[in-house]
Structures are given as C-alpha cells and as structure tokens.
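A.B. asks: Could you work out the structure for the sequence below:
(chains A and B)
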Amino acid sequence: MSAMSRRRGRRLVADASIRILLVVFTCWTLGPIAWGVVSSLLPTEALIQTPPDLSPAKFTLANFEEVLGSGHNLVQGLLNSAIVATLTAGIALVLGSMAAYALARLRVPGGNRLLLIVLATQMFPGIVIVIPLFVVLSRAGLIDTYAGLVLVYLSFILPIVIWVLKGFFEAIPPQLERAAAVDGASPLQTFRLIVLPISLPPLFATAVFAFIEAWNEFFFAIILTRLDVKTGPIAIAEFSGQYQTLYGQMVAAAVLASIPVVLLAVVFRQYILKGFVEGAVKG
Amino acid sequence: MAEVELVGVTKRYPGGVEAVSSVDLRVPDGEFVTLLGPSGCGKSTTLSLIAGLDEVTDGEIRMDGRAVNDLTPVERDVAMVFQSYALYPHMTVAENIGFTMRLRKRPKAEIRERVRAVAESLELTPLLDRLPRELSGGQQQRVALGRAVIRQPRLFLFDEPFSNLDAALRIRMRSEVKQLHQRLGITSIFVTHDQEEAMSVSDRIAIMRAGRIEQVGTPEEVYARPASTYVARFIGSPQMDILPGEIERDAGQAYFRVGGERFAIPDAVMPDGRAVDLGIRPEHVLVEASGVPATVVVAQPIGPSTYVTLRWDGGDLTTRLPGMVRLEPETVQHVRLQPDGILWFDRETGRRVEAA
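C.D. replies: Below is the predicted model:
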C-alpha cells in the first residue's frame, strides 16, 4: 500500500517536472514573439526608453497604420513574397513528388548517384554561389523577376522536398501498387489515385515547409531583386535606415509578415500531425 | 477461364541471383494448383511472373496456348489476393471492391450493382462504407477476395493470403476459398508455405525447392509417394521419419538395421545395390508386442490421436496411437513397421527408389 502510494507520488513528481519544463520551453520560444507583438503596439519613443514605457495608455495601432500606408513598400513586398512563395511551393511539390516517386519506385539509371548529386547541391553555402548566380541571372535577364527568384529558391528547396518525399513513398507497401496494377491502373493512375491520396499529410507538410522557406528568405532576395520584386523580408529590413531605425514600425511589419505563416501552420496542423501519427497500412 | 502453362520459366535478378530456374508447369482450365515450399523457394516470384508483375528472364508463360510474356496483368486478365491484403487505405470497402471497374470506366450504376452482389456473397454488406482500418483481419481478407472476384477473371492468384490470420480464421477462409473455386470454376494458383493448407484446398500441389519444382501431384500422390526426402519431410505433420541404416538378410527374412536394432521388412532389392534410407510416417509405425523394443521419449496427445516419440540405441521414430493415450517417459514399447508404409530413398540423391 505504502509502496504503491510512493510509486504514485514519484509519478506525480515526474509528471509535474515535465509540465514545468514544457512551460519554461514554451515561454522561451514564445517570449520573443510576444515581445514583438507588444513592441509593435508601442510608439518608438516609448520603446527606446530604458526601461521601456509599457503603460497601457501608450498602446496604439499607429505603427500598423504607418507601415500599411503608401509611404512604404511593405504591402507590395508581402504580395511579392506571397507570389514567389506560392509558386515555389507549388512547383516544388509537383516536380518534387514526381521525382521522389520515380527515385523511390522506378528503376532510374544511376538513381543513387542522382540522389547524392541532389544532396551535394545543398553543401555549398549560399555566399559561394551568389555572385556566379547573379551573373547568370543577369545575362538571362532574370534579375528582379519572379521567375528568377522562384528558380533560385527551387534550387535549394526542391532537393529537400525530393529527399523527404522519397522517404515517405518508400514507406508505402509496394503491394498496394502491385494490387493497383492488377486492378488495371497505369503507373500514372497508381500515382494519382493511390499514392498521392495516401500521402496527403506529408505532401501538406512539405508544401508548408517550402512556402515558409521561400517566404522568409532574405539573402538571395536582397541580391537578386531591385525594385519590382522586392520581397517582404527586404521591405522589413528597410525600416532600418542610415540615420534611424524605426523599431516600432519594423516590428509591426514583422508581425504582419508572420501572420500568413502562422495561419498556414494552424490550418494544416492536423494534416501535418496526421502524417506522423498514422501508418498507411497494416502489414 | 484459362489453361496456364509455364515452359522453362526463369527469373534472374540483376546481380545474378536466380529466384526461379527453368520451371515447367501446366495448369488445366479450372484446376486449383498450389505452389508449396519454404520461404525463399521462388514460389511467390513464380506467382508474380504469372501475374505479369515481374518480367520473365527466360522461358514462356502461356494462357490458352498463347504466349503472354509481354502482356500486363490487365491484359492477362488475372486477379490477385495479396498476403498483406493490400487494401487501399483511403477508400471505403465499396470503393476498394469497385476500383477495378472504375478504372475500366464502367457506368456508376453497374459498379454499384456488382459491388452490392459481391458484398452480399462475402457477407460484407454492412461494412461497405467502412475504411479498411476499421475492419478486423478476417474482414479485410474478405474485402481483398471481393476485389478479386468482382470481375470474373481468367485466372485467380493467391499469394499466401491467410498467413496473417489466426489459426481458426485461417481454416474457415480455406473452406471459403475452396467453395468459391467450386462455385466459379476459375483456374486458380495458390501460394503457401503451409503444407496442411496446400493439402486441404488443392487439386494438385507443386512443391518447390530453390527455384525449381521438386514434384507435382495430387495431395494423395505427394503424401503417399513423395519424389524425394525433401518432399517427404515437407508434406505431413509430424514429419515422416527418414532412417539411415542397412538392409540385412537372416534365415530368409529381410531386416533394416538402424543402430542397435533391426526391423523386419518385406524383402527389398535395390537397383545396383545402392545405399538407401527408409522413410516411414507415424501412422505406419505400429505398436505390437512382437516388435522392436524402444523407450518412450515423449507422448503428445492432440485429441483424435497421440504422437509418441520412441528411441532405441542408435535411432528414433514417431508413432501415432489412436485417441488420447498417457505414456510415461522411459517406459518400453515394441514397434513394427507396416510393410506398405515403407518408402526407400537413395542416400546420395535423396530421390525415392522403387524396391524390386
């Protein structure tokens, strides 16, 4: 009896410490974001005081009004980002899923070597290739265009999409596809009617990943764009000027830029989780 | 419906592994044939070749006399049931069963009607709107059967369909498949490693070993007249005993000596006096006072009979006694070999030899 209650006590302690750790972790991750939201609601004068003046009377939506106004490029920047990120995610998903399926299932000559090459492209730091890339894109007339940016983003997002999806496709029992072949499905029908529907969770997860990568990308965007295709992150960076940094507006812009990503994660959360929780077939 | 013929069929994988070696087999129209063997013997590969899911390296597969090597599974018009059922997890039972007709662009009403009829015959009607993961193993297996029977194919292929089911269900499904075959009369090829399953459902059994067919015959033939010690040991449970020994003659009576004892046998003269082993099944080992003394090692009652393992100096044997018998270990019994149950196998090749 006492041994049992002691064991129960120990379990309670273990339970409580895990919860406390989780709370600490959550604060640690959400803290900067919360601070960002708070500071976006404060005028810069209140922010740069030490300590910052957090009196509720100072709270205002002025930063948001200002950044959404015509004086800044933020709206156009976010629009550009949305176009580039959507195109990148869409193309990466279509090309990536087909390439991954071919590499996972069909006999591709030199398939393994191809995969390694795909992986090897990931090993160059962006800074190494950005100058040659700039030259190539400018010769092709692709500087400051959607096409140029999407092309560059695909070059590093597509390999990851291929590797991730290949793993998922390989986990599908081959007997499913053999059954489909006996039922009369062509390889393309098998892919479309069997493989894709049961791979929806991983497909959503990789699409969201590709979108966020492209949405947040800064380094290539600042070098390969000038005016027309300037993306959100660059518009945000421009709040930091030579003579002053508009912290309040900058953070407000950042908060606005995070909203689509947060929405994506919330909307697709159940699919992304499902991808991990649910096995395809009992084997 | 179709007659299927395999002529010198060989499957070699890149890298040189030969999974199927020059297999010849003829399955007449309407017959139920089982490919039987341990895992890795090439039986499932042979089935994939017949289905058209894998390509033949050498040889020819014919259906009704026509070579089908280059045809797809659909063109061969085969239906197949897989070991893991391979149900489409995102489709309901009805969609799973009707998938093949949907691919054939049949009208929706016709598909619904056929699915309903098939579900009726397999007692799946209440489950039509469920997803595979909501079904028990036995129900999933019946859906897999339904998917195969919805169109009347020329050929049914079964790849170890029951090995994921528990023992009781397996026996029930055996009889369902056999009834299905009796009702539809469609040529069927069944793959299993379970000799009892093979015996109970097949018209004929092809026993495979290392990519080759060791023997083809009716269940009676392969049981009573196995072509080799391999077949003899594979068919029947418990196994046939194969005793190494020498033939002796003494005062006009022939004996087979195994270790310190000898068993009386009908006089047997081997062609070219070659060395042979004696094969005998438990039901042909008789306990009789006039027999050879042997001590009981273990007695295993299984209901209708009891299997008793007996040992003497230099050998052991299993006998079957009727009913549930209690025998204490270390007690002595006397056994005799029933003459018409004795089989002879060439000691070197393992092939069965007929005694003159």
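
A.B. asks: Does stretch A:194-207 reach chain B?
C.D. replies: Yes - remark: stretch A:194-207 sits within contact range of chain B at A:194, A:197-198, by CB under 8 Å from any CB of the partner chain. Quick note: C-beta positions are derived from backbone N, CA and C, even for glycine.

A.B. asks: between these, which has the most around it?
C.D. replies: residue A:194 (22 neighbours; other CB atoms under 10 Å in any protein chain shown).

A.B. asks: Okay, and residue 248 sits in which element?
C.D. replies: Just going to use chain A. Element membership of residue A:248 [criterion: DSSP states H and E] is helix A:247-277.

A.B. asks: try again with chain B
C.D. replies: strand B:246-250.

A.B. asks: List the buried residues for that strand?
C.D. replies: Within strand B:246-250, the residues scored as buried using 16 or more other CB atoms under 10 Å in any protein chain shown are residue B:247.

A.B. asks: So which elements touch it?
C.D. replies: Where contact means 3 or more CB pairs under 8 Å, 6 or more residues apart in numbering or on different chains; DSSP states H and E, strand B:246-250 is packed against strand B:253-258.

A.B. asks: Direction included, what does the strand it packs on pair up with?
C.D. replies: Applying DSSP bridges to the sheet, strand B:253-258 is found paired with strand B:246-250 (antiparallel), strand B:261-265 (antiparallel).

A.B. asks: Centre of the chain to the last one, how far?
C.D. replies: Centre-to-centre, strand B:261-265 and its host chain are 33 Å apart (CA atoms, centre = their mean, to the nearest Å).

A.B. asks: which residues are contacting it?
C.D. replies: B:247-248, B:253-256, B:278, B:291-294, B:312-315, B:336-337, B:339, B:342 (CB atoms under 8 Å, 6 or more residues apart in numbering or on different chains).

A.B. asks: One more: the first one?
C.D. replies: With contact meaning CB under 8 Å, 6+ apart, strand B:246-250 is reached by B:254-257, B:262, B:265, B:267-268, B:270, B:276.

A.B. asks: Now pLDDT and distance to residue A:89 too, for those residues, in a markdown table please.
C.D. replies: A markdown table is the format used below for these (pLDDT from 0 to 100; distance: CB to CB, whole Å):
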| residue | pLDDT | distance to residue A:89 |
| --- | --- | --- |
| B:254 | 90 | 85 |
| B:255 | 91 | 85 |
| B:256 | 92 | 79 |
| B:257 | 93 | 82 |
| B:262 | 92 | 84 |
| B:265 | 91 | 81 |
| B:267 | 80 | 86 |
| B:268 | 71 | 81 |
| B:270 | 72 | 78 |
| B:276 | 91 | 74 |
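
A.B. asks: Any of these buried? List them.
C.D. replies: The neighbour count (16+ other CB under 10 Å) marks B:254-256, B:262, B:265, B:268, B:276 as buried among the contacts of strand B:246-250.

A.B. asks: Of these, just say which sits nearest to residue B:177.
C.D. replies: Set against residue B:177, the nearest of those by CB to CB is residue B:276 (39.3 Å).

A.B. asks: Can you confirm whether stretch B:52-61 lies near chain A?
C.D. replies: Yes - against chain A, stretch B:52-61 shows contacts by CB under 8 Å from any CB at residue B:53.

A.B. asks: re the thing from before, now do the buried residues in the helix holding residue A:248.
C.D. replies: The neighbour-count check on helix A:247-277 (16+ other CB under 10 Å) flags A:247-258, A:260, A:264, A:268, A:271-272, A:275 as buried.

A.B. asks: now that helix, how far from the centre of its chain.
C.D. replies: The answer for helix A:247-277 is 9 Å, by CA atoms, centre = their mean.

A.B. asks: Stretch B:320-335 now?
C.D. replies: That offset, for stretch B:320-335, works out to 30 Å (CA atoms, centre = their mean).

A.B. asks: Kindly report the same for stretch A:82-92.
C.D. replies: Here stretch A:82-92 is found 11 Å from its chain centre; the criterion is CA atoms, centre = their mean.

A.B. asks: ditto for stretch B:297-310
C.D. replies: With CA atoms, centre = their mean, you get 24 Å for stretch B:297-310.

A.B. asks: what sits up against that stretch?
C.D. replies: With contact meaning CB under 8 Å, 6+ apart, stretch B:297-310 is reached by B:238, B:282, B:287, B:294-296, B:311, B:316-327, B:329, B:333, B:335.

A.B. asks: and with 7 Å instead?
C.D. replies: Residues from elsewhere that reach stretch B:297-310, judged by CB atoms under 7 Å, 6 or more residues apart in numbering or on different chains: B:238, B:282, B:294-296, B:311, B:316-327, B:329, B:333, B:335.

A.B. asks: likewise stretch A:200-218?
C.D. replies: A:81, A:84-86, A:88-89, A:92-93, A:97, A:153, A:157, A:161, A:164-165, A:168, A:233-234, A:261, A:264-265, A:268, A:271-272, A:274-275.

A.B. asks: in it, what counts as buried?
C.D. replies: Buried, per 16+ other CB under 10 Å, within stretch A:200-218: A:201-217.

A.B. asks: Perfect, that will be all.
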